[in-house]
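Q: my questions are about this predicted structure, shown below with the sequence.
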Amino acid sequence: MSTTIGGYLAKRLAQIGVSHHFAVAGDYNLVLLDQLLAQDGLEQVYCCNELNCGFAAEGYARARGAACAVVTFSVGALSAINALGGAHAENLPVILVSGAPNTNDHGTGRILHHTLGTSDYGYQYEMVRHVTVAAERLFSAEDAPAKIDRVIERALALSKPVYLEIPCNVADLECPEPGPVEALLSRRPSAGKTLDRAIETTLNFLNEREQVVILIGSKLRAAHGLDAAVKLADRVGCAVTIMAAAKGFFPEDHPAYRGVYWGNVSSPGAEELIDNADAILCLGPVFNDYSTVGWQAWPKGDKMVRVEPEEVIVAGRSFGGISLFDFVTALSEQAPRRTRSAETPALPAPETAPLPASAPLTNDEMMRQIGALVTADTTLTAETGDSWFNAVRLTLPAEARVELEMQWGHIGWSVPSAFGNATGSPERQHIVMVGDGSFQLTAQEVAQMIRYELPVMIFLVNNRGYVIEIKIHDGPYNYIKNWNYAGLIDVFNAGEGHGLGLKAHTSGELAEAIAKARQNRRGPTLIECSLDREDCTEDLVRWGSKVGKTNARPPVTN
């Protein structure tokens, strides 16, 4: 039995649970797109540009565990590399597939379109290797299956992006049918004896300490450790806090949950818990300048057990070759059982009293109404900026999901990512919170939500500027040209779509807009929320002040 190289890739995608792939057409990938279209159960979804295509795939990977984006050479792929960097930073298995020039043109000295104007066509491969964990160029049918399998296996094993380059005259060459997929899905086991030593050392560490706290980081989901973390908390009987980027990664109705640890913008009591603990089990953290509030909230030292995807560090002693999943699972079965203390859990943010319907809309009132929408079936995508802080302060029901991009922090990410996420999980209620400045970068992808009739609710805060940057370091560069954001939906509908564009200046207008959005099941609803520029969360102000001071440190001189 035989297929084509494109057909082989298509079948592998279907086998790993990818039932959609995102694409922007170009003359170097057209034959490949034909091959992918021929695969039953694999739908081709189109994007407005390659950056959005990459972010849509990243959002799909959040929903489904893996994703694929297909672009053309150079002019397409170099744009998509930005989103690929985001997938690498955020630990998401995205397969970027790029068409490429005809193999007969290599080594001829000919200069082709869509290139840098030289006859070297290897630069894209060299560039993309820096933001992937595996990259392959397919020049023949003989080795194509093995190369395709290798990159897919690496993407799934490491939860990181990978790259395939397929020349335009290679995609339809015949190759063998793919075999069983199990080898691509199997996890690499931890080094057994090293795992045992790491567990033994950790158990001794815990037996000597009383004030134990678990701190959940954003790498835990990529390591498939969410359920094991709950079992560990139940066994150890200790308090659990989460880092902001891990919002929703631990059930907030769990009796151990104590809120978000984020330095001076932590949930009530969470910072004290971490500061006063004599043992912190830190699962999959990312300690960067943002998460540590300018290096002010960075737990480390002899009281830390830091569990990374492939390494465990117990009070400074390192154990390599251990997966986070294996370690947390084993520890949840062997840790000393303790009765949960009677500590008072961190209280949710005080409920805001509803404003009169005629009152000007405020940030607190907007969040009160958005919070009332969130259920167990909700996926809330929160853009870089004050939307982070608004999302973090919500109290989530079990199974609700919050999607953030706090390591890469690319403004505009949320709209195409939510498009991909909604494509991958249409059974969920999708809500986006995005600022006006961020929206201007990737607004086009709302048109694709209309095209595919995805009922995404978009709450767009119109405060005429980059408020997060204003709070870090102000200047004229933080202020933008205003748009009629709600009016864009009529442009994108073009007389045939079912998107809704609504404006809310008052509390009552927002309530009416939400009611209409809930009825609109055949397309997105964009609600333009007009807020005063100074009306933002207090947390953003406090956090922005610290981060701004960190950025402003003078050079160290000898």
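A: Looks like it came in fine.

Q: who are the packing partners of the helix or strand of the chain with the lowest mean pLDDT?
A: Scoring the helices and strands of the chain by mean pLDDT, DSSP states H and E places helix 467-472 at the bottom, with a mean of 76. Contacts defined by 3 or more C-beta pairs under 8 Å, 6 or more residues apart in numbering; DSSP states H and E place helix 467-472 against helix 538-551. Heads up, the C-betas are built off the backbone N, CA and C, glycines and all.

Q: quick one on the thing from earlier: dump the least confident helix or strand of the chain to PDB, restricted to CA.
A: C-alpha atoms of helix 467-472 as PDB (Å, rounded to 0.1, in the frame of the first residue of the first chain):
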ATOM      1  CA  VAL A 467      -2.600  50.900  29.100                       C
ATOM      2  CA  ILE A 468      -0.200  48.300  30.300                       C
ATOM      3  CA  GLU A 469       2.700  50.200  28.700                       C
ATOM      4  CA  ILE A 470       1.400  53.500  30.100                       C
ATOM      5  CA  LYS A 471       1.600  52.000  33.600                       C
ATOM      6  CA  ILE A 472       5.200  50.700  33.000                       C
END
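
Q: what's near enough to touch Val45?
A: Applying C-beta atoms under 8 Å, 6 or more residues apart in numbering to Val45 gives the contacts His20, His21, Phe22, Ala23, Ala56, Thr423, Gln448, Tyr452.

Q: report the secondary structure state of it.
A: Using DSSP: H, G, I helix; E, B strand; the rest coil, the structure places Val45 in strand.

Q: do the one 3 residues further on as well
A: Using three-state DSSP, the secondary structure recorded for Cys48 is coil.

Q: wait, doesn't it sit right on Ile450?
A: No: the pair Cys48 / Ile450 is not scored as a contact, 11.5 Å apart, by C-beta atoms under 8 Å.

Q: from Arg393, how far out is the closest residue to His473 other than its chain neighbours?
A: Distance criterion C-beta to C-beta, 6 or more residues apart in numbering; nearest residue to His473, sequence neighbours excluded, is Gly548 at 5.3 Å. Going from Gly548 to Arg393 by C-beta to C-beta, to the nearest Å gives 21 Å.

Q: more crowded one of those two?
A: Taking other C-beta atoms under 10 Å, Gly548 and Arg393 do not tie; Arg393 has more neighbours (19 against 15).

Q: so that one makes contact with Asp539?
A: Yes: the criterion here is C-beta under 8 Å, and Arg393 meets it with Asp539 at 7.2 Å.

Q: quickly list what Val307 is bridged to.
A: Leu283, Val312 (DSSP bridges).

Q: got the contact list for it?
A: Taking C-beta under 8 Å, 6+ apart as the test, what Val307 contacts is Leu281, Cys282, Leu283, Gly284, Leu324, Phe327, Val328.

Q: just to revisit the earlier point, closest to Met243 out of the contacts of Val45?
A: Within those, the smallest distance to Met243 is 26.0 Å, found for Ala56 (C-beta to C-beta).

Q: so that closest one sits in a strand?
A: No: using three-state DSSP, the assignment for Ala56 is helix, not a strand.

Q: which residues of the stretch 101-250 of the chain fall in helices?
A: 123-128, 144-158, 182-185, 192-207, 219-222, 226-236 (DSSP state H, counting those that start in this stretch).

Q: what's in contact with stretch 165-177?
A: Residues contacting stretch 165-177 (C-beta under 8 Å, 6+ apart): 1-6, 8-9, 11, 27-32, 34-35, 73, 97-104, 124-125, 135-142, 144-145.

Q: narrow those to those in strands?
A: Judged by DSSP state E, the subset of these located in strands is Ser2, Thr3, Thr4, Val97, Ser98, Gly99, Ala100, Ala135, Glu136, Arg137.
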